[in-house]
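1. Need a 3D model of the following:
(2 chains)
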Amino acid sequence: MNIVLIFLITIFSVSLFFYGKSKTKTISIKDNIKLNALPKFYGYYLVLWCSIPALVFLLVWSLFEPVIIKSIIIETAANQGAIFSDKNEANLIYEKIKAIHLGTYFGDLDSILRESALAYAKFINLFTNSKVVLIFGIIIASVIYSLKKIKNNNKARDDVEVILKGLLFVSSLIAILTTLGIIFSLLFESIKFFSVINIFDYLFGTNWSPQRAFVRDASSITAAEFEELKDAFGFIPLIAGTSFIAFIAMLVAVPIGLFSGIYMAEYASIKVRRISKPIIEILAGIPTVVYGFFAALTVGPFFRQVGENLGLTVSSESALAAGLIMGIMIIPYVSSLSDDVINSVPQSLRDGSYAVGATKSETIKQVVIPAALPGIIGSVLLAVSRAIGETMIVVMAAGLAANLTINPLESTTTITTQIVMILVGDQEFDSPKTQSAFALGLTLFIATLILNYIAQRAVKKYREKYD
Amino acid sequence: MTKEERLKKRHRAEKRFRFYGLISIFVALLFVVILVQNIFSKGSSAFKKTIITTEVFFDQELLEIQNGASQEEIMEADFYDIMIENLIKAYPAKNRDEEDELLKLFSGDAEIEIKKAFLNDNNLIGKTITLDLTASDDIDQLHKGNYPRDLPEERRRISDFQLVIYDYFVENKKISKNFNNYFFNNGDSRDPELAGIGGALVGSFYSILICLLLAFPVAVLASIYLEEFAPKNKITDFIEININNLAAVPSIVYGLLALQILLATIQLPRSTPLVAGITLALMTLPRIIIPCRASLKAVPPSIREGALAVGASKFQSVFHHVVPLALPGTLSGTIIGLAQALGETAPLILIGMVAFVVDIPSSPIDPSSSLPVQVYLWSESAERGFVEKTSATIMMLLSFLIVMNFIAVYLRQKFEKRWN
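-> Numbering: from 1, shown residues only, chains lettered A, B, ... in the order given. Okay, the predicted model is just below:
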């Protein structure tokens, strides 16, 4: 149906384009009006008016139609005596009704389902018909309006440009809408979560075991269950594990990245630079799932084997393996950014240092690096925010159980791993367990936002200093 | 310490420092080599599959269909008995147990393979033909040398008797390796020898296509607005801050966004390339806008002024002159953004693309997998055969990424104008 409507709108628009174009030709010849715009702009004007309102309406309608129909149908089913205790059962009944309507349902049919399916068919029909009628109404209204507008109008181009500029503005607003979407979707579930779990129990609890939160409906929790829940969602082990793995990653990435950045900027010949820089940047382009696979199947077992030979017990999901591989992934972020930063240190500083007899390495250590320090710190912070937001490596190579440990040979878990573990597969909506994933997401979002803000400020300040 | 000694010490420090830098670069390059070598050595064998050449006799009594039977009749006919009858003739087995072990050497699809041969030529009743039947995963891995045969029998998945049969096959040249068409054509499967990335390839293709269709126009229009038309005010600043922050938001957060808005609120179908494409588009948008704006910014003001001077409107100067000049940079930024989206896994896991999907999706609203998610799924499987399949999937994924990046670099170097 929607495709037919879009096709019709396109046909109308195209024919209106030619109509508008030809009409202005006759106007200008007959009345001797001097048009400021080319005839095609009159066509464009009509096209924009004919298509945009109708398409926007169609989009909004299609977004809300299923939701509205669903709530109506579930209500009618409830009125007819269908029994469901929570959202999941309601969804199941709705899916059944839909399947009956499409003729793909082969289970038992009772009168409630049959009646509801008839009601569903009725509503679908009603909605489709009113959609078609409304769209044609909108098209007719906007076409009449625009036809009226192009009469005695010699500035169609300006009008077209105003509309197009609006379109450009709306496109740039999508970034804001995405941010709002992220904030609302995270906040919405997090607020529900924090209405059950005290925010301080979450932030300062030292035990994370969400699988204990078997309670389906958050509103019907008994006091005993509540006590149980209270200390199932402690954030401390997760932030500890995340920071620990990120710390190991930075131990790998910062020295290697920084030294390669320095070498690239100060020592390497153009030829070496031109070959090695893109190869190192390959590391940033490899999908993280590939690193995860490498860490889980090659590095983890390798460390375990080495540990066995040395008489150590190494978990095959050790924090060391995950951290090491994450560090390798992050090397190019540190090296490229510090390379850029060092390159933008003014040559005069170096020349001054050479003039008093310093060697190249002394100049780098005592003049260039201190001058570039804010930028380097910024790039390291950006890398840290990468590391704590990284998901696939830790999902595949780090552990699932939350351990408070500082032994790199044991397994720990991270925020992102827990989000994936909670949300993968079937989720129960409205359970504190599902909501906790959104609370974790919110925490992660805020943490990376703060890190990025500080890092960007540092880099920007530094740039301004030497521009 | 004399002056000379001090100087020598300083020069040694200089050399050491330089050496650290060189070593760091070397270590980073070494990691690239190890990673690629590791993946390739594990994965390259997955492009071949082991086949067992078997003689198949189409017995009319067992099949109960005639020569020249119609397509439907063949599809409905039961080829199970034919399969059993013929496969146990592949080796002189003595009793029922031995026959069972012999049958286990063939893939679960042996029956379908025989049926397909009959579908190709429906006059085979009463004739004997030689068919190349796919071997089971265990034999496949053994034949490729990935499976150690010197383990004690109880720790092996292959019994001693099966090894005897295998050696018999090898001696009589009945076993060989062939191009693995299943790997490219099939969807997912529980059996490694039958599992393929066909479904994942199609799923990834649809997701990236939808991502491109949504993200590219919006990103180009938004960057044109911000770079050419936006007044310097708070709203513009706010939009810019938003874009820069969104580019740094961890990808899993986009998965949560999609879960809450696209699946729970708008109720788009789960596990589909449609949802994946929209999610990836939201994620890729800021990553495309940033290079787009850079390439618009690189067009010198003289171009705009020249157009305005001969009477073009602001719009005409932008769309007729600036945008075409910025197009190569815009396109290459878009391709690099899409390459990142192609390798993205975490948000797709959250929107349910981890479902076990056997069928190859025929439209963007069918449940499907995608290449990186397939890597994740198979890497969790215990069977040895999935290790090479996973590595081979990674090889496919990496080669797509390399091609995309080469196109991006080529576009930039070939078509971008330097303004100096």
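2. so what's the closest residue to residue A:284 other than its chain neighbours up against?
-> Leaving aside its chain neighbours, residue A:284 sits nearest to residue A:332 (4.0 Å; criterion: CB to CB, 6 or more residues apart in numbering or on different chains). The way it works is simple: take the backbone N, C-alpha and C, and place the C-beta from them, glycine included. Neighbouring residues of residue A:332 by CB atoms under 8 Å, 6 or more residues apart in numbering or on different chains: A:257, A:280, A:281, A:283, A:284, B:28.
3. ok, now with 7 Å
-> Contact partners of residue A:332, counting by CB atoms under 7 Å, 6 or more residues apart in numbering or on different chains, are A:280, A:281, A:283, A:284.
4. Three-state assignment for residue B:316, please.
-> Recorded secondary structure, residue B:316: helix (DSSP: H, G, I helix; E, B strand; the rest coil).
5. What ranges in the chain fall below the confidence cut-off?
-> Unless you meant another one, I'm taking chain A. Within chain A, the stretches with pLDDT under 70 are A:25-35, A:85-88, A:152-154, A:212-228, A:425-430, A:467.
6. that's the other chain; I wanted chain B
-> B:420.
7. Which stretches in it count as strands?
-> According to DSSP state E, chain B carries its strands in the segments B:48-57, B:128-134, B:175-179.
8. Can you report how many residues neighbour residue 230?
-> Assuming you mean chain A. By the criterion of other CB atoms under 10 Å in any protein chain shown, residue A:230 has 16 neighbours.
9. right idea, wrong chain: chain B
-> Count around residue B:230 with other CB under 10 Å applied: 18.
10. now swap in the one 4 residues further on and tell me
-> Residue B:234 sits with 7 neighbouring residues when counted by other CB under 10 Å.
11. Pick out the residue in the stretch 51-200 of chain B sitting closest to chain A.
-> Nearest to chain A in the stretch 51-200 of chain B, going by CB to the nearest CB, is residue B:200, at a distance of 12.1 Å.
12. Doesn't the residue nearest to residue A:284 lie inside a helix?
-> Yes. Under three-state DSSP, residue A:332 falls within a helix.
13. what about it, distance to residue A:280?
-> In this view, residue A:332 and residue A:280 are 5 Å apart by CB to CB, to the nearest Å.
14. do residue A:404 as well
-> Applying CB to CB, the value for residue A:404 to residue A:280 is 36 Å.
15. got it, and residue B:208?
-> 26 Å.
16. returning to that earlier point: for the residue of the stretch 51-200 of chain B closest to chain A, what are its contacts?
-> So residue B:200 contacts B:369, B:370, B:371, B:374 (CB under 7 Å, 6+ apart).
17. Wait, residue A:254 touches residue A:380, no?
-> Yes. With contact defined as CB atoms under 7 Å, residue A:254 counts as touching residue A:380 (6.0 Å).
18. shared neighbours of the two, which are they?
-> Each of residue A:334 lies in contact with both residue A:254 and residue A:380 under the rule CB under 7 Å, 6+ apart.
19. Could you name the specific helix or strand carrying the closest residue in space to residue A:10 that isn't next to it in sequence?
-> In this structure, residue A:10 finds its nearest non-sequential neighbour in residue A:51, 7.6 Å apart by CB to CB, 6+ apart. Assessed by DSSP states H and E, residue A:51 sits inside helix A:39-79.
20. what's that helix packed up against?
-> Applying 3 or more CB pairs under 7 Å, 6 or more residues apart in numbering or on different chains; DSSP states H and E, we find helix A:39-79 packed against helix A:2-31, helix A:87-102, helix A:111-150, helix A:156-196.
21. Just the buried positions in stretch B:109-124, please.
-> Across stretch B:109-124, burial judged by 16 or more other CB atoms under 10 Å in any protein chain shown covers B:109, B:110, B:111, B:113, B:114, B:115, B:117, B:118, B:122, B:124.
22. separation between the first one and residue B:79?
-> Separation of residue B:109 from residue B:79 (CB to CB) stands at 11 Å.
23. show me what contacts residue A:189?
-> Residues in contact with residue A:189 (CB under 7 Å, 6+ apart) are A:435, A:438, B:260.
24. Out of the residues you listed, grab the one that's most surrounded.
-> If you rank these by neighbour count (other CB under 10 Å), residue A:435 sits at the top with 27 neighbours.
25. wait, isn't residue B:271 in contact with residue B:366?
-> No. Using CB under 7 Å, residue B:271 is not in contact with residue B:366, being 8.8 Å away.
26. Return the residues in contact with the spatially most central residue of chain B.
-> Among the residues of chain B, the one closest to the centroid is residue B:371, at 3.2 Å (CA atoms, centre = their mean). For residue B:371, the contacting residues are B:197, B:200, B:201, B:204, B:393, B:396, B:397, by CB under 7 Å, 6+ apart.
27. what do you get if the cut-off is 10 Å, keeping everything else the same?
-> A:287, A:289, B:197, B:200-201, B:203-205, B:207-208, B:342-343, B:345, B:393-394, B:396-397, B:400 (CB atoms under 10 Å, 6 or more residues apart in numbering or on different chains).
28. And for residue A:290?
-> Taking CB under 10 Å, 6+ apart as the test, what residue A:290 contacts is A:325, A:329, A:392-393, B:35-36, B:39, B:343, B:345, B:372, B:375, B:379, B:390-391, B:393-395, B:397-398, B:401.
29. Between residue A:332 and residue A:280, which contacts overlap?
-> Taking CB under 10 Å, 6+ apart as the contact rule, the neighbours common to residue A:332 and residue A:280 are A:257, A:260, A:261, A:339, B:28.
30. quick revisit: so for residue A:347, which of the helices and strands packed on helix A:39-79 sits nearest?
-> Nearest to residue A:347 among those is helix A:156-196; the distance by CB to CB comes to 37.9 Å.
31. tell me which strands and helices the very next helix or strand once past the closest one is in contact with?
-> Next along the chain after helix A:156-196, taking DSSP H and E as the criterion, comes helix A:199-204. Applying 3 or more CB pairs under 10 Å, 6 or more residues apart in numbering or on different chains; DSSP states H and E, one finds that helix A:199-204 contacts helix A:156-196, helix A:223-230, helix A:236-262, helix A:432-466.
32. Export these as CSV, with columns for distance to residue B:220.
-> As requested, these are exported to CSV (distance: least, CB to CB, whole Å):
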stretch, distance to residue B:220
helix A:156-196, 8
helix A:223-230, 49
helix A:236-262, 33
helix A:432-466, 24
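33. hey, which of those is tucked in deepest?
-> Highest mean neighbour count of the helices and strands packed on helix A:199-204: helix A:236-262, a mean of 23 (counted as mean count of other CB atoms under 10 Å in any protein chain shown).
34. Show me how far that helix is from its chain's centre.
-> Remark: helix A:236-262 is offset 24 Å from the chain centroid, using CA atoms, centre = their mean, to the nearest Å.
35. tilt between it and helix A:432-466?
-> Relative orientation of helix A:236-262 versus helix A:432-466 (axes from the mean of the first three to the mean of the last three CA atoms, to 10 degrees): 30 degrees.
36. Next, count neighbours for the nearest residue to residue B:341 once chain neighbours are set aside.
-> Distances taken as CB to CB, 6+ apart put residue B:280 closest to residue B:341, at 4.2 Å, once the chain neighbours are dropped. Residue B:280 has 30 neighbours, counted by other CB under 10 Å.
37. from memory residue B:280 sits against residue B:214, does it?
-> Yes. Counting by CB atoms under 10 Å, residue B:280 touches residue B:214, with 8.8 Å between them.
38. all helices of the stretch 201-350 of chain B, in order?
-> All helices of the stretch 201-350 of chain B, identified by DSSP state H, counting those that start in this stretch, fall at B:234-248, B:251-257, B:273-297, B:301-309, B:314-317, B:323-342, B:346-350.
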